[in-house]
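Undergrad: sequence and predicted model, in that order:
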Amino acid sequence: MMETINVSEQLPLQSNSLRVRKAIFFPVLVFLIAMFYNSGPACAAGGNNYKTIDGKAITTGAERLDQLLPLVKNKNVALLVNQTAIVGNTYLIDTLITSGVHIKKIFSPEHGFRGTADAGEHVSDSVDAKTGIPVISIYGDKKKPSATDLAGIDVVIFDIQDVGARFYTFLSTLHYIMEACAENKVQLVVLDRPNPNGWYVDGPVLQKKFKSFVGVDPIPVVHGLTIGEYAQMVNGEKWLHDSLQCSLKVISCLHYEHKMKFNLPVKPSPNLPNHMAVRLYPSLCFFEGTNVSLGRGTDAPFQLIGSPETKFDGAYEFVPQSKPGAKNPPFLEQKCYGFDLRLDKNVHQEGAVSFQYVIDMYRLYKNKKEFFLKNNFFDKLTGTDEIRKMIVADKSQSQIKASYQKGLDAFKAKRKKYLLYKDFE
């Protein structure tokens, strides 16, 4: 395992000279953009395959129409999808309509049906302008469809790209749609997609008292499952309310193994614009529970960290602006001092959750009582209050990792029962 960069050790490498910073930064940035940049939803019209780094093509569940169409023939269908639900060069909804599938409703998760809403932004019910199909929001106060919403529906199709982290809320959305389908005797079909962080498992397992929409089931931060494998685990471990069982069908991927590394053809959400952001997400999302920016409102969200609170010589500077997908980011129009993690060449090889970024920023932060937000969101993200307590007590990353290893090992053993694909080990 490659060692994660220690951001406090990055300080001597940073120059106060703008000329030197540009000389180092711009060549590296151009290289990274060339290798890792993924376009937004518009690339659904051009990037049709999930291809591994060495060029091998993966067939997603959505592309296996020979398996899907017989399941929905002459059925009333609802979709739970977003902009990542593509079949070849076409959005899934258009493919299904062309194939004669009777789509009656669309259920809209966080970021909306088209994937353009801010994180946490209220998503309203609407009508899809292109198809005229009603769109029902299940993000916010309403986390799952009601019996009325599902009345007359025979099958719900779930097709959303996951990124492999427990706090990515589409996992919770899947849990609740499974529960709603079980309660109303509706079949759920999950169209599986590969997991870009599916090549390792790490992080503390969620403790029950920290259950929230950013963590609903007892899994670690990085679970190493595809969305289809996760659905099977929810059913198999009886995690639904009252141990309900969902009538579940998973259409698996072809030619996928957990050890594979690949770039996503469509960005999974507004603030995960590229390969590096997706890789860093499991380690940086903890900053959402602190007074540190992780780059929302910049051109490199989940690739920068910084705060206006602490200024130190040589730090990278950035100013969050109002942008699509980040209309009111933390520290809007304020200069933040921190680190550009795009310069960390090792992050793409890292096979573990890193708490070192948070540890280092906490050590640098002057007013430590203000570092963690008062709403305990950091504890919800980590799934425990032990990580925060250990950071405050100046424990090392190795000590933090040792504290959750027993629970992680138990999950790893349980996980193996639900794998659909060859594991990375």
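TA: Structure's in. What do you need? None of the values given here were measured: they were computed from a predicted structure. Residues are numbered from 1 along each chain as shown.
Undergrad: in stretch 65-77, which residues are buried?
TA: Neighbour counts over stretch 65-77 (16 or more other Cβ atoms under 10 Å) mark 65, 68, 71, 72, 76, 77 as buried. In short, each C-beta sits where N, CA and C put it, glycine included.
Undergrad: what comes into contact with it?
TA: By Cβ atoms under 8 Å, 6 or more residues apart in numbering, the residues outside stretch 65-77 that reach it are 61-62, 87, 95-96, 99, 101-104, 152-157, 187, 189, 191, 249, 251.
Undergrad: this structure: strands as residue ranges?
TA: Using DSSP state E, the strands assigned to the chain run over residues 50-51, 57-58, 76-81, 86-87, 90-91, 102-108, 126-127, 134-137, 155-159, 187-191, 248-251, 304-307, 316-318, 336-340.
Undergrad: one step back: now, of the contacts of stretch 65-77, which are buried?
TA: Burial by neighbour count, judged by 16+ other Cβ under 10 Å, picks out 61-62, 87, 95-96, 101, 103, 153-157, 187, 189, 191, 249, 251 from the contacts of stretch 65-77.
Undergrad: show me what residue 156 is bridged to.
TA: With DSSP bridges applied, the residues forming beta bridges to residue 156 are residue 78, residue 188.
Undergrad: pull the contacting residues for it.
TA: Going by Cβ under 8 Å, 6+ apart, residue 156 touches 77, 78, 79, 80, 107, 150, 177, 181, 186, 187, 188, 189.
Undergrad: count the neighbours of the fifth one for me.
TA: Spelled out, it's residue 107. The burial metric for residue 107, expressed as a neighbour count using other Cβ atoms under 10 Å, is 26.
Undergrad: how about the strands of the chain, which one is nearest residue 392?
TA: Closest to residue 392 of these, according to Cβ to Cβ: strand 304-307, at 17.2 Å.
Undergrad: hmm, who's touching stretch 232-248?
TA: Stretch 232-248 is contacted from outside by 174-175, 178-179, 181-183, 185-188, 190, 217-219, 225, 231, 250, 414-415, 417-418, 420, using Cβ under 8 Å, 6+ apart.
Undergrad: mind redoing it with 10 Å?
TA: Contacts to stretch 232-248, defined as Cβ atoms under 10 Å, 6 or more residues apart in numbering, come from residues 155-156, 158, 171, 174-183, 185-190, 216-219, 223, 225-226, 228, 231, 250, 411, 414-415, 417-420.
Undergrad: these, buried ones only, as a PyMOL selection?
TA: Below is the selection syntax for PyMOL that covers the buried ones among those, with 16+ other Cβ under 10 Å defining burial:
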select buried, resi 155+156+158+171+174+175+176+177+178+179+180+181+182+183+186+187+188+189+190+216+217+218+219+223+225+226+228+231+250+411+415+418
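Undergrad: and the contacts of stretch 232-248, which of them are in helices?
TA: Using DSSP state H, the subset of the contacts of stretch 232-248 located in helices is 171, 174-183, 228, 231, 411, 414-415.
Undergrad: will you turn the strands of the chain into CSV that also has distance to residue 405 and mean pLDDT?
TA: Putting these into CSV (distance: least, Cβ to Cβ, whole Å; pLDDT from 0 to 100) gives the following:
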stretch, distance to residue 405, mean pLDDT
strand 50-51, 32, 86
strand 57-58, 32, 93
strand 76-81, 35, 97
strand 86-87, 38, 92
strand 90-91, 42, 90
strand 102-108, 38, 95
strand 126-127, 46, 80
strand 134-137, 39, 91
strand 155-159, 33, 98
strand 187-191, 31, 98
strand 248-251, 30, 98
strand 304-307, 26, 96
strand 316-318, 33, 96
strand 336-340, 28, 95
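Undergrad: distance to residue 278 added to those, as CSV?
TA: Shown next, in CSV, are the strands of the chain (distance: least, Cβ to Cβ, whole Å):
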stretch, distance to residue 278
strand 50-51, 13
strand 57-58, 16
strand 76-81, 19
strand 86-87, 17
strand 90-91, 21
strand 102-108, 22
strand 126-127, 28
strand 134-137, 25
strand 155-159, 18
strand 187-191, 20
strand 248-251, 23
strand 304-307, 15
strand 316-318, 20
strand 336-340, 17
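Undergrad: just give me the neighbour total for the closest residue to residue 304 other than its chain neighbours.
TA: The spatial neighbour of residue 304 that comes closest, neighbours along the chain excluded (Cβ to Cβ, 6 or more residues apart in numbering), is residue 295 at 3.5 Å. Residues contacting residue 295 under the criterion other Cβ under 10 Å number 28.
Undergrad: who's in contact with residue 295?
TA: Counting by Cβ under 10 Å, 6+ apart, residue 295 makes contact with 271, 277, 280, 284, 287, 301-306, 318, 320, 326, 329-330, 336, 338, 340-342.
Undergrad: so how far is residue 208 from it?
TA: Between residue 295 and residue 208 the distance is 32 Å, computed by Cβ to Cβ, to the nearest Å.
Undergrad: got it, and residue 86?
TA: Here the distance between residue 86 and residue 208 works out to 36 Å (Cβ to Cβ).
Undergrad: neighbour count winner among those two?
TA: In terms of neighbours (other Cβ under 10 Å), residue 86 is the more surrounded of residue 86 and residue 208; the figures are 26 against 8.
Undergrad: can I assume that one is in contact with residue 61?
TA: No: in this structure, residue 86 is not within contact of residue 61 by Cβ atoms under 10 Å, at 11.8 Å.
Undergrad: which residues do those two both contact?
TA: Taking Cβ under 10 Å, 6+ apart as the contact rule, the neighbours common to residue 86 and residue 61 are 159, 193.
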